[in-house]
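Chemist: Following is a predicted model, sequence given first.
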Amino acid sequence: MSRRQSHAGTVGIIAFLTAVFMLAGSVVALADDASKFVPGTKINGVLVGGMTVEEAKVQIEGFYGREYQLTIKAKGGASEVIKGSDIQYQVVITDGLQNILAQQNSNGRVAGPDIDNSSVLKSTVTYQEEKLKERLDSLACVSSKDIVVTQNARISAWQEGQPFTVIAEVQGNSVNRKKLDEAVKAALTQENRQLSLEEKNCYDTVTVTSTDSELVARCAALNQIRDMKVTYLFGSQSEVLTGEQLCTWIDGADQTGIHINGTKAAEYIQSLAGKYDTAGKARAFKATDGRDLSLSGAYGWRINQEAETQALIAIIKTGQSQERTPQYSLAAADRNVDWGSTYVEADMAAQHVYLYQNGSVVWDSPCVTGNVSKKLTTPEGIYTLAYKQTDRVLRGDKKPDGTYEYESHVDYWMPFNGGIGFHDASWRSKFGGTIYQTGGSHGCINLPPQKAKALYGLIYTGIPVICHY
């Protein structure tokens, strides 16, 4: 080697060492500035070495405002990004930077590649909720046409003429939106940069399979309803409610049982009441003299619709066919002919009363009914005997002086229409004819004493009483 070459090499080495020492001096000088974070300092994932507390705060908050993004990893390796700027994402460092700097200073301001100078501070994270929702709605994992919706095994909807069947489950790739929202918001709050949908269990999963014993049992129960029928009996008439009809009332079936539409059940019972209730409606009556009359009255049949609706729903759930007599709030003697074959008939046009037992007249008597001229006419209609009583004083309205319009003692009192009833009238010497038109009663049906006594012994509370002209 020549002296010239040796000298040149020596000069190069000296220059290199000088540069190294100068750089080291700069680093030492930087590391020794107690107002700044040591080189390599990371706070909340952002490099802030060589910065003051104020500069670091601006750097961290500015980074998240400008550059933050959350990468969402879906199944199969696909990923999508939510940019902080898309949702007005902001991070505000509220406190703690000064403490980190103080800790570095107290520890000797150690820096270097082998030193971990990273820290995480609590911060306040804000973003625009509506913009986040819009961004999530637009994600491919949420809105792609290629999404296969995960579905549990279920029972088929009702189709006329077809049995219920179990439809197999489908394990798709649909995202559970509630879980996605929660996972993304948690990642944003924690200032995370990545989110795995699989790791956070954000995909819908099958929880009920086609072999589930409860599901199979529910399907069988539904098919029992399909095959059943409920026959309502109304004397010689009946109404059949088929399983096909009942299946249209089913709102669903789950772990709690089969759900029957209460409104549809109530409407059906209401239709039965409209067709078969007789109380308060006009009915055909054949009088003793052979006339065909149309009479109405409170006596008759009335279905207890509320109670029967609940009973029907319970019957449907059993899946068992049955014949049924509905529950009644009012009942008469016979379902085919309300008054049956035992009743009292008061023919007020003929001024005569008849007692029928098992279809035959066993007692009859002339009578005197309400005074027509005084507008006290005995009303016609279909009634029932309320009770019977002996040794009774019948009184009219009370007058201002404390006395009554009339007071009449009777031995046999048999009311059927409020204060109107049959009774003996010992003060009369004649009955029947046209007496009632001007000399009639206050509305009751007067009978000869011995006839009243005989009637009293034959009739009973609840016997139908039919009054007509």
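Modeler: Cool, the structure landed.
Chemist: mind checking which helix or strand Ile100 is in?
Modeler: Per DSSP states H and E, Ile100 falls inside helix 97-106.
Chemist: For stretch 402-416, list the C-alpha coordinates in CSV.
Modeler: In CSV, the C-alpha atoms belonging to stretch 402-416 read as follows (Å, rounded to 0.1, in the frame of the first residue of the first chain):
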residue,chain,number,x,y,z
GLY,A,402,-147.0,6.7,53.9
THR,A,403,-149.9,4.5,52.8
TYR,A,404,-149.9,2.4,49.7
GLU,A,405,-152.0,2.6,46.6
TYR,A,406,-153.3,-0.8,47.4
GLU,A,407,-152.6,-3.7,49.8
SER,A,408,-153.8,-7.2,48.9
HIS,A,409,-153.2,-10.3,50.9
VAL,A,410,-152.7,-13.5,48.9
ASP,A,411,-152.2,-17.0,50.0
TYR,A,412,-150.2,-18.1,46.9
TRP,A,413,-147.7,-15.7,45.2
MET,A,414,-145.9,-16.9,42.0
PRO,A,415,-144.0,-14.0,40.3
PHE,A,416,-142.4,-14.4,36.8
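Chemist: Just give me how far it sits from the chain centre.
Modeler: For stretch 402-416, the separation from the chain centroid amounts to 56 Å (computed by CA atoms, centre = their mean, to the nearest Å).
Chemist: hmm, back to that, and the helix holding Ile100, average pLDDT?
Modeler: Here helix 97-106 scores 90 as its mean pLDDT.
Chemist: counting contacts, what elements does that helix pack onto?
Modeler: helix 53-66 (3 or more CB pairs under 8 Å, 6 or more residues apart in numbering; DSSP states H and E). To be clear about C-beta, it is placed using only N, CA and C from the backbone, and glycine gets the same treatment.
Chemist: Could you list the buried residues of the helix or strand following the helix it packs on?
Modeler: Counting by DSSP H and E, the next helix or strand C-terminal to helix 53-66 is strand 69-73. Buried residues in strand 69-73, counted by 16 or more other CB atoms under 10 Å: 70, 72-73.
Chemist: Also stretch 410-430?
Modeler: Applying 16+ other CB under 10 Å to stretch 410-430 flags 410, 412-417, 420-425, 428 as buried.
Chemist: Any chance of CSV for these, columns distance to Arg218?
Modeler: Shown next, in CSV, are the buried residues of stretch 410-430 (distance: CB to CB, whole Å):
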residue, distance to Arg218
Val410, 67
Tyr412, 64
Trp413, 62
Met414, 59
Pro415, 57
Phe416, 54
Asn417, 55
Ile420, 59
Gly421, 59
Phe422, 61
His423, 65
Asp424, 69
Ala425, 71
Arg428, 75
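Chemist: still on that earlier bit, buried sites along the helix holding Ile100?
Modeler: 97, 100-101, 104.
Chemist: How about stretch 336-349?
Modeler: Under the neighbour-count criterion of 16+ other CB under 10 Å, stretch 336-349 has 337-340, 342-348 buried.
Chemist: Which of those residues fall within strands?
Modeler: 343-347 (DSSP state E).
Chemist: Reformat the buried residues of stretch 336-349 as TSV; add distance to Thr434 and pLDDT.
Modeler: Putting the buried residues of stretch 336-349 into TSV (distance: CB to CB, whole Å; pLDDT from 0 to 100) gives the following:
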residue	distance to Thr434	pLDDT
Val337	32	97
Asp338	31	98
Trp339	28	98
Gly340	32	97
Thr342	30	98
Tyr343	26	98
Val344	22	98
Glu345	20	98
Ala346	16	98
Asp347	14	98
Met348	12	98
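Chemist: So for Glu160, what's the nearest residue that isn't a sequence neighbour?
Modeler: Glu244 (6.5 Å; CB to CB, 6 or more residues apart in numbering).
Chemist: Can you classify that neighbour by secondary structure?
Modeler: At Glu244 the chain is in helix, as set by DSSP: H, G, I helix; E, B strand; the rest coil.
Chemist: Now do it against Ala311, distance only.
Modeler: With distances taken as CB to CB, to the nearest Å, Glu244 is found 21 Å from Ala311.
Chemist: Then Thr248?
Modeler: With CB to CB as the criterion, Thr248 and Ala311 are 19 Å apart.
Chemist: Describe which strands the longest strand that the chain contains pairs with in its sheet and in which direction.
Modeler: Counting by DSSP E, the longest strand found in the chain is strand 407-417. Sheet pairing for strand 407-417, assigned by DSSP bridges, gives strand 389-395 (antiparallel), strand 420-424 (antiparallel).
Chemist: nearest to Leu295, of the ones you listed?
Modeler: Proximity to Leu295 (CB to CB) singles out strand 420-424 among the strands paired with strand 407-417, at 15.7 Å.
Chemist: pLDDT averaged over that closest one, what's the number?
Modeler: Per-residue scores along strand 420-424 average to 98.
Chemist: Let's see it as PDB, backbone CA atoms only.
Modeler: Extracted as PDB, the C-alpha positions of strand 420-424 are listed here (Å, rounded to 0.1, in the frame of the first residue of the first chain):
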ATOM      1  CA  ILE A 420    -146.000  -9.500  37.900                       C
ATOM      2  CA  GLY A 421    -147.100 -13.000  38.800                       C
ATOM      3  CA  PHE A 422    -149.900 -15.500  39.400                       C
ATOM      4  CA  HIS A 423    -151.900 -15.300  42.600                       C
ATOM      5  CA  ASP A 424    -155.200 -16.100  44.100                       C
END
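Chemist: C-terminal to it, which secondary structure element comes first?
Modeler: Assignment by DSSP H and E places the next element after strand 420-424 at helix 435-439.
Chemist: next SSE after that next one?
Modeler: strand 445-447.
Chemist: elements contacting the helix or strand just after that following strand?
Modeler: In the C-terminal direction, the helix or strand that comes right after strand 445-447 (DSSP H and E) is helix 449-458. For helix 449-458, the elements it packs on are strand 352-357, strand 360-366, strand 407-417, strand 420-424, judged by 3+ CB pairs under 8 Å, 6+ apart.
Chemist: Nearest to Tyr328, out of those strands?
Modeler: strand 407-417 (20.4 Å).
Chemist: roughly how far out does that closest one sit from the chain middle?
Modeler: With CA atoms, centre = their mean, you get 54 Å for strand 407-417.
Chemist: What is the burial count for the residue nearest to Glu160?
Modeler: Neighbour count for Glu244, taken as other CB atoms under 10 Å: 14.
Chemist: residue contacts, the closest residue to Ser365 other than its chain neighbours?
Modeler: What sits nearest to Ser365 in space, not counting adjacent residues and going by CB to CB, 6+ apart, is Lys451, at 3.8 Å. Contact analysis of Lys451 by CB atoms under 8 Å, 6 or more residues apart in numbering lists 363, 365, 424.
Chemist: pLDDT wise, what is Lys451 at?
Modeler: For Lys451, the model assigns a pLDDT of 98.
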